[in-house]
Structure formats: structure tokens, C-alpha cells
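K.L.:
Curious how this folds, go ahead:
(one chain, ligands or ions: 1)
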Amino acid sequence: MPTPRVAAIHDMSGFGRCSLTVAIPVLSAMGVQCCPLPTAYLSTHTGGFTGYTFLDMTDALPATTAHWAELGIHFDAVYTGFMGSEAQMDLVADFVRTFRRDASTLFICDPVMGDHGKIYKTYTPAMCAGMTRLAALADVVVPNLTEAAVLLGEDYSFGAQTHDEAGCRRTVERLSLGGKRSVVLTGVTLRKGEIGACLFDRERGETEFLFDEFVGKEFHGTGDLFASVLTGALVRGKGLHSAVQLAEFFVRECALHTMPQKIPSREGVDFEPLLWKLHEGL
Ligand code: PXL
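P.N.:
All right, here's what the predicted structure looks like:
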């Protein structure tokens, strides 16, 4: 199999293990070429740190789209996450349209906007509206419960509202836009002690739940870790069900390995020593 190639459009946060500092090593470890297109450079991510720098890289987007298009580069997937400005949403949509001329290019959109009923500090309502437009183009959309509510124009500050089986099923089926795209709703807890995903697979036309043990502590960046493993597995030819299983396995392994080290949760999970495990799952 030739090495699959992914364009990864996320921020680069220098410290705190999220977005590109997770996507690049994870995809490389999975035997996938990662071509990063940073949306912003931050000294740290915005969750749990103050005083971080923020360099908006909006101008790099159309310039890189044009250069890569001129070079005729083929991507097996475009994988997007945290955006730095309102304008970036439509510029990334242009990027997707440019490189999806070939129907084999998957667009995997992690509509990063918030978590736990809160929107991230740098996101405006206009950015959330733009993200909703961008996510509508995706082949696979990977929202957490907060982001799913934003995408559906619902109140996102809820507590347990969609944490019931029927509610999750309805959410993913609505987000599938009539079965046209796959959906992986993350951070779902129906019973204490477990965490997982509710997924709709457009290939199989089915909705299912896949749970794993909740290790008891949350860490920053695990959503990015999950979506990066999912992306790697999909471009390496796995179906959605196995790709979600591998992503859940890896996030749990990393959380279990990090817990005893008493690393502050804002530093993310200590995934580097475990990257080799991704090969076992492929
Ligand atoms: O993990 C999502 C994420 C990505 N990038 C930046 C963030 C966050 C979440 O807080 O701040 C910069």
C-alpha cells in the first residue's frame, strides 16, 4: 500500500499536547504522511493556561492552497480541527473543494469549538456559524456533545440532555444529513464508569455505540488524539467501527499510562512512549 497522505489543518500549540503536536506524531506512527497547514501558532493551548501568544495564520491558508494545487498534490484525506479566525472557515472549505475533485479524498472534520457545555475562549458566534458550514461538507464529522449541539443550532450548555441512548441516536442521525455522511459523537456516557462514542456509518447505514472503560480523569487534548487516530485508521483502510475501536483503545491506554505520573491535565496525555502500540492495531 502506498503511504497515505493527509492534509492536517489545525493550530500548532507549542506546549500542551493538542492539535498538530498530536496529529503529526500519531499519523507518522501509523504510517501516514502528515502535511500540516497551521491555522495559528500559540505558545500553549487555551485550556487551563493564561497569557498564551496567538499568531493568526489566516494568510497562509489561501497561499498554501494555491501552491499545493499548482503542485497537483493528491491527499487521501483532509483532516481539520481548531481554527484561528472567522475567515478561515470558508478558506478551509475552499481548500476542501480544491482537493476533493478526486472523489477518493475523504474530508474528516473535527468541528473543534468547545467542550463540557462551554465554547473555547477564542471562538466567536460567527466562527461557530462558519464551522457549521464547514462541517456540512464533511464525509466524517467528529463532534463532542457540546459541538454536536452547536452544529444542530441547539442549546449547548446542557448537562445530561443528550446523554440518553435515544437522544444520542437522534443527534447522530440528524448530523448525518439524511445518511449522507458518517458521524462519530464522542464523550458519550450512558452508564457510570464508561465513556465512548455513538457512531453512524454511512457505508453500513447503521448507528451503534462503542464504549470503553473511563479511567477516572480527563486530560486536555484527548479529543485531538482520538480524531487523529481515527483519521489514521480510516486512511489505512479500516472501517469506521474498527477505527473508533482503535481510537478508544489508544486514548484509554494513554490516560492509564499518564494517571500515576500526576501530570497536570492541561499538559495532555503522555502518549509518546505508547505510539508504537498504534502499529499493533493496524
Ligand atoms: O483540543 C482542542 C484545542 C485545540 N487547539 C487549541 C485549544 C484547544 C482547546 O482548548 O485551545 C489552541
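
K.L.:
Now do the strands in the stretch 51-200 of the chain.
P.N.:
54-56, 77-80, 106-109, 114-115, 118-119, 140-141, 182-188, 194-201 (DSSP state E, counting those that start in this stretch).

K.L.:
Of those strands, which is nearest the ligand?
P.N.:
Nearest of the strands of the stretch 51-200 of the chain to the ligand, taken as Cβ to the nearest ligand atom: strand 114-115 at 7.4 Å. All C-beta atoms are positioned from the backbone trio N, CA, C, and that covers glycine.

K.L.:
mind listing what that closest one pairs with, with the direction of each?
P.N.:
Note on strand 114-115: by DSSP bridges, its sheet partners are strand 118-119 (antiparallel).

K.L.:
Can you get me the centre-to-centre distance for the strand it pairs with and its chain?
P.N.:
16 Å (Cα atoms, centre = their mean, to the nearest Å).

K.L.:
again with stretch 151-164
P.N.:
19 Å.

K.L.:
Check stretch 3-23 too.
P.N.:
The chain centroid and the centroid of stretch 3-23 are separated by 10 Å, computed with Cα atoms, centre = their mean.

K.L.:
Mind checking if stretch 10-18 is in reach of the ligand?
P.N.:
Yes: using Cβ under 6 Å from any ligand atom, stretch 10-18 reaches the ligand at 11, 13, 18.

K.L.:
and those, which are buried?
P.N.:
Neighbour counting with 16 or more other Cβ atoms under 10 Å marks 11, 13, 18 as buried within the residues of stretch 10-18 next to the ligand.

K.L.:
Make sure I have this right: the second one is in a strand.
P.N.:
Which is residue 13. Yes: assignment of residue 13 by DSSP: H, G, I helix; E, B strand; the rest coil places it within a strand.

K.L.:
So which bits of the stretch 1-150 of the chain are right by the ligand?
P.N.:
Proximity of the stretch 1-150 of the chain to the ligand (Cβ under 6 Å from any ligand atom) is limited to residues 11, 13, 18-19, 42, 45-47, 82, 112, 120.

K.L.:
can you tell me which two in the residues you listed are farthest apart?
P.N.:
Greatest spatial distance among those (Cβ to Cβ): 42 and 112, at 13.0 Å.

K.L.:
if we can go back for a sec, quick one: which of the residues of stretch 10-18 next to the ligand is nearest residue 127?
P.N.:
Proximity of these to residue 127 (Cβ to Cβ) peaks at residue 11, which lies at 12.9 Å.

K.L.:
Enumerate the residues of the stretch 151-282 of the chain near the ligand.
P.N.:
By Cβ under 6 Å from any ligand atom, the part of the stretch 151-282 of the chain that sits against the ligand consists of 221, 223-224.

K.L.:
Could you save these as CSV and add columns showing secondary structure, neighbour count and pLDDT?
P.N.:
Listed next are these as CSV, based on DSSP: H, G, I helix; E, B strand; the rest coil; neighbours: other Cβ atoms under 10 Å; pLDDT from 0 to 100:
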residue, secondary structure, neighbour count, pLDDT
221, coil, 25, 96
223, helix, 22, 97
224, helix, 25, 98
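
K.L.:
from the residues you listed, which is closest to residue 197?
P.N.:
Among those, residue 223 lies closest to residue 197 (Cβ to Cβ), at 11.1 Å.

K.L.:
Now for the closest one: which residues touch it?
P.N.:
Residues near residue 223 by Cβ atoms under 8 Å, 6 or more residues apart in numbering: 110, 112, 115, 144, 186-187.
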